[in-house]
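Colleague: predicted model follows, preceded by the sequence.
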4 protein chains.
Amino acid sequence: MPNRIPEAAIHAIIEAGRRMAERNWVPATAGNISVRLPGDRVAITRSGFHKAHLSADAVMAVDLHGAPEDPALRPSAETGLHCGIYRAFPDTRAVVHGHSIANTVLSRRAGDTIRLEGYELLKVLPGLDTHAAAVALPVLDNDQDIPRLQAAVEARWARMAAPALPAYLIRGHGIYVWGPDMDAALARLEGLEFMLACKMAAISLGGSDP
Amino acid sequence: MPNRIPEAAIHAIIEAGRRMAERNWVPATAGNISVRLPGDRVAITRSGFHKAHLSADAVMAVDLHGAPEDPALRPSAETGLHCGIYRAFPDTRAVVHGHSIANTVLSRRAGDTIRLEGYELLKVLPGLDTHAAAVALPVLDNDQDIPRLQAAVEARWARMAAPALPAYLIRGHGIYVWGPDMDAALARLEGLEFMLACKMAAISLGGSDP
Amino acid sequence: MPNRIPEAAIHAIIEAGRRMAERNWVPATAGNISVRLPGDRVAITRSGFHKAHLSADAVMAVDLHGAPEDPALRPSAETGLHCGIYRAFPDTRAVVHGHSIANTVLSRRAGDTIRLEGYELLKVLPGLDTHAAAVALPVLDNDQDIPRLQAAVEARWARMAAPALPAYLIRGHGIYVWGPDMDAALARLEGLEFMLACKMAAISLGGSDP
Amino acid sequence: MPNRIPEAAIHAIIEAGRRMAERNWVPATAGNISVRLPGDRVAITRSGFHKAHLSADAVMAVDLHGAPEDPALRPSAETGLHCGIYRAFPDTRAVVHGHSIANTVLSRRAGDTIRLEGYELLKVLPGLDTHAAAVALPVLDNDQDIPRLQAAVEARWARMAAPALPAYLIRGHGIYVWGPDMDAALARLEGLEFMLACKMAAISLGGSDP
């Protein structure tokens, strides 16, 4: 019999789904949300549920390599990306993945990074205590082969200056954001989505965005 | 006396109306929503009700050719399009029709299809298991003569490779989307509307969208 | 002592305010809402209240020339425009006035009309039973002298083919829409705002809108 | 022991946070909100809380120079800007600071002012009783050194014709708006944000905005 998932983790995931759905970041059954549990376990949303109104049975537990505790439950393919983040960043306790119009449209136009510069909200990112900074959000090509996509993510991290930004985009497929707890992951997500929406609006005004 | 409409069908229609209204896809009294019932019956919204707050008496039953069970109730003219979908696709159990700004604006600019390519959310469509695909959503000219419009729809289906996409647009008049149950129909609607909103935003940025 | 205002009229006004606020059509204390009462009376929102959360004491009664029944209450200056509509159109029972981004931006760019053509939602307007139609929404120059503005409205009506559209815009100052009851007035408002939002989006895509 | 903060002030701050969050003006933990209390005290949101769901313990008291009454609580760095407004304008009883997409994008493109002209909603500003007016909203360069930023604000006020507009923007960092009570501050914020959103939309249509 699989171990129970703590109530607090289920609650955090359900509430994160509700907040992301309010912002139209999890259309259809898109998006997934996870929390690291003690003992190298991960609680993660199952495939095929709408994130606006999750319930406890929409959450399952896997190990750090994505193997389900309950063999009757099939984890989402993208579980591999969540686990890859938890393996690489031991202090990470929550990962959120959403599709916004801004992150989808900008990642489809981008090269291998999207630059954000001069926004006060950059301070939502760890290690940045001023707006007078710039970050280059990684953009990875989309790939249905998740282990191959995760390998590309790890190769990108290896090329980046440490510490890596707690976020990356997949082209035409949304953003992954993580943090030391769900509130921090969601605050970083909101801050990044706000800056991406600003960047999209700035470009639509006919100007450029640094 | 007409037969009763099952509670579950009425509930599914009311809830779909509420969700579509939240997204501004059923302005004024626009849009309509239906569910296939056992025995070649269809439960469908009556004409003239706002979809944000439907009640049971806003739903009526018709046969697969749109004839009302209760002769005192006048079905919406567009009932003929819903019935045409149910006749053509026996596994279809729910049909939703909404007007979004994106589907209205893009269908007015389009030729006889709108192309969506490279979006992860394409996977919400049946038979697509990769973003590395493209679909051509049919766009039909609007017509107040519904039998003639339905004939144009059927002629289009006859020209399409099987299986047909579970959606089409009417120029300046919204989208029809269907599925094996209401959750699937709404997920497909949300996915398609998300991609259409992305396409509209991409064009507003001054670029093109493949 | 002033006569009471019927509960149903107060409820209709409060609910209309809530719906218009949800759509961001009554920012700050903008907008006003009225209902015709029996006996040539009009119930109308008082000046200075936020429309998102009206209460009964935010509604006052005036006669068809805007004179308040309770001399202690000051009616909004724009009461004169509501009364002008009720005097001109005896079947009108509800008038709503809101500021949307689309109606503000388009009216500032427009000449003396805004053309809407080919939209299915045109059918929300009385006397139109097909999308294959076009209407020219009147746009009046803004004027803080309300009697002078009302005279300009009446002069415009005199030049229009009868029956006049149940709506006009004031440049940079929002839309007035009316109907035989509040549901009809709100449906016409939603339909017109939807088409204006489509027109604004179409222009932002770099094309024109007929 | 620090003095208590009146319930009414806490309630006004919590409710303002909720309203600003509904409009997406306080992403992540951005924004801050304050109320002047009797006796040269200021109640202000603490750093690091999400404004969508504040509670009483997210509010602290400082003096007019930003010194906390409870030394165990660290005030937000931007408290200095709130206090600067209260010192300069004795009738001010509420200050709100938010980040919208429009105020962020436009302030990044602007010179040292943003001009708003011809909007009916200009009348939400004190001393303006007609749309036939224009205001130049001050735009200050962002600065993480808050005392230096406050000095720049005061220098700008010294150059402006009295009475100063009850608002200014910080480039890429949002808007500050104030008023004689919270309702007035929020109405001015809503009016200004509406006009900024209109200006952004007007520019995206390819035209200019006076």
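Modeller: Sure thing, it's come through.

Colleague: what does chain A put close to chain C?
Modeller: Residues of chain A that fall close to chain C, judged by Cβ under 8 Å from any Cβ of the partner chain: A:Ser204. No exception for glycine: its C-beta is placed from N, CA and C like everyone else's.

Colleague: excluding covalently adjacent residues, which one is nearest to the spatially most central residue of chain A?
Modeller: By Cα atoms, centre = their mean, the mean C-alpha position of chain A lies nearest to A:Tyr176, the distance being 2.1 Å. Closest residue in space to A:Tyr176, ignoring its immediate chain neighbours: A:His97 at 5.0 Å, by Cβ to Cβ, 6 or more residues apart in numbering or on different chains.

Colleague: given the helix or strand encompassing that neighbour, what are its sheet partners and their directions?
Modeller: Per DSSP states H and E, A:His97 falls inside strand A:94-98. Strand pairing for strand A:94-98, using DSSP bridges, gives strand A:32-37 (antiparallel), strand A:174-179 (antiparallel).

Colleague: possible to save these as TSV with mean pLDDT?
Modeller: Converted to TSV, the strands paired with strand A:94-98 look like this (pLDDT from 0 to 100):
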stretch	mean pLDDT
strand A:32-37	97
strand A:174-179	98
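
Colleague: I'd like these as a markdown table, with distance to A:Ala21 appended.
Modeller: Listed next are the strands paired with strand A:94-98 as a markdown table, based on distance: least, Cβ to Cβ, whole Å:
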| stretch | distance to A:Ala21 |
| --- | --- |
| strand A:32-37 | 11 |
| strand A:174-179 | 14 |
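
Colleague: count the neighbours of the residue nearest to A:Leu137 when sequence neighbours are not counted for me.
Modeller: With Cβ to Cβ, 6+ apart as the criterion, A:Leu137 has its nearest non-adjacent residue at 4.5 Å, and that residue is A:Ile114. Using other Cβ atoms under 10 Å in any protein chain shown, A:Ile114 has 22 neighbouring residues.

Colleague: my read: A:Ile114 touches A:Leu106, true?
Modeller: Yes: the criterion here is Cβ atoms under 8 Å, and A:Ile114 meets it with A:Leu106 at 5.7 Å.

Colleague: secondary structure element holding A:Arg87?
Modeller: helix A:79-88.

Colleague: can I get that helix in CSV? Just the C-alpha atoms.
Modeller: Provided in CSV are the C-alpha atoms of helix A:79-88 (Å, rounded to 0.1, in the frame of the first residue of the first chain):
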residue,chain,number,x,y,z
THR,A,79,6.9,14.2,-14.3
GLY,A,80,10.4,13.6,-15.5
LEU,A,81,11.1,17.4,-15.7
HIS,A,82,9.8,18.0,-12.2
CYS,A,83,12.0,15.2,-10.9
GLY,A,84,15.0,16.6,-12.8
ILE,A,85,14.6,19.9,-11.0
TYR,A,86,14.3,18.3,-7.6
ARG,A,87,17.4,16.1,-8.2
ALA,A,88,19.5,19.1,-9.4
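
Colleague: would you map the helices across chain A?
Modeller: A:7-22, A:79-88, A:101-109, A:146-159, A:182-204 (DSSP state H).

Colleague: near the residue nearest to A:Tyr176, how many other residues are there?
Modeller: A:His97, neighbours per other Cβ under 10 Å, totals 26.

Colleague: can you check the one 4 residues further on too?
Modeller: By other Cβ under 10 Å, the residues close to A:Ile101 number 23.

Colleague: quick one: it and A:Ala151, what's the gap?
Modeller: Separation of A:Ile101 from A:Ala151 (Cβ to Cβ, to the nearest Å) stands at 29 Å.

Colleague: which stretches of chain A have low pLDDT?
Modeller: Along chain A, the parts satisfying pLDDT under 70 run over A:1-2, A:162-163, A:207-208, A:210.

Colleague: and the residue of it closest to chain C?
Modeller: Chain A approaches chain C most closely through A:Ser204 (7.0 Å), counting by Cβ to the nearest Cβ.

Colleague: so who does that residue touch?
Modeller: B:201, B:204-206, C:204, D:204 (Cβ atoms under 8 Å, 6 or more residues apart in numbering or on different chains).

Colleague: in CSV: those, plus distance to A:Val35.
Modeller: Below are the contacts of A:Ser204 laid out as CSV (distance: Cβ to Cβ, whole Å):
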residue, distance to A:Val35
B:Ala201, 32
B:Ser204, 37
B:Leu205, 36
B:Gly206, 41
C:Ser204, 40
D:Ser204, 39
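
Colleague: just give me the closest of those residues to B:Glu193.
Modeller: B:Ala201 (12.5 Å; Cβ to Cβ).

Colleague: for that closest one, what are its contacts?
Modeller: B:Ala201 neighbours (Cβ under 8 Å, 6+ apart): A:101-102, A:105, A:200, A:204.

Colleague: and it, how close does it get to chain D?
Modeller: 11 Å (Cβ to the nearest Cβ, to the nearest Å).

Colleague: who in chain A is up against chain B?
Modeller: A:24, A:27-30, A:50, A:99, A:101-102, A:104-105, A:108-109, A:142, A:144, A:170-174, A:200, A:203-204, A:206.

Colleague: isn't A:Gly84 right up against A:Arg148?
Modeller: No: counting by Cβ under 8 Å, A:Gly84 stays clear of A:Arg148, with 11.8 Å between them.

Colleague: neighbour count: the two, which is higher?
Modeller: A:Gly84 (23 against 11).

Colleague: not counting its neighbours along the chain, what's nearest the more buried one?
Modeller: A:Gln150 (4.5 Å).

Colleague: quick one: the one you found from chain B, how far?
Modeller: 16 Å.

Colleague: any idea how many residues pack against that residue?
Modeller: 22.

Colleague: pretty sure it is touching A:Glu78, no?
Modeller: No: with contact defined as Cβ under 8 Å, A:Gln150 does not count as touching A:Glu78 (9.6 Å).

Colleague: up against chain D, what does chain A have?
Modeller: A:23, A:118-121, A:124, A:129-132, A:183, A:187-188, A:190-191, A:193-194, A:197-198, A:201-202, A:204-207, A:209.

Colleague: can you select the buried ones from the residues you listed in PyMOL?
Modeller: Here is the PyMOL command that picks out the buried ones among these, judged by 16 or more other Cβ atoms under 10 Å in any protein chain shown:
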select buried, chain A and resi 118+119+120+121+124+131+183+187+188+190+191+193+194+197+198+201+202+204+205+209
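
Colleague: flag every buried residue along stretch A:46-63.
Modeller: So stretch A:46-63, judged by 16+ other Cβ under 10 Å, has buried residues A:46-47, A:49-52, A:54, A:58-62.

Colleague: and what of stretch A:62-76?
Modeller: A:62, A:66, A:68-69, A:75-76.

Colleague: measure that stretch end to end?
Modeller: 11 Å (Cα to Cα, to the nearest Å).

Colleague: does A:Ala132 touch A:Tyr119 like I think?
Modeller: No: using Cβ under 8 Å, A:Ala132 is not in contact with A:Tyr119; the gap is 10.4 Å.

Colleague: picking up where we left off before, among the helices of chain A, which comes closest to B:Leu137?
Modeller: Between those, helix A:101-109 lies closest to B:Leu137; by Cβ to Cβ that is 17.4 Å.

Colleague: for that closest one, name the packing helices and strands.
Modeller: strand A:167-170, strand A:174-179, helix A:182-204, helix B:182-204 (3 or more Cβ pairs under 8 Å, 6 or more residues apart in numbering or on different chains; DSSP states H and E).
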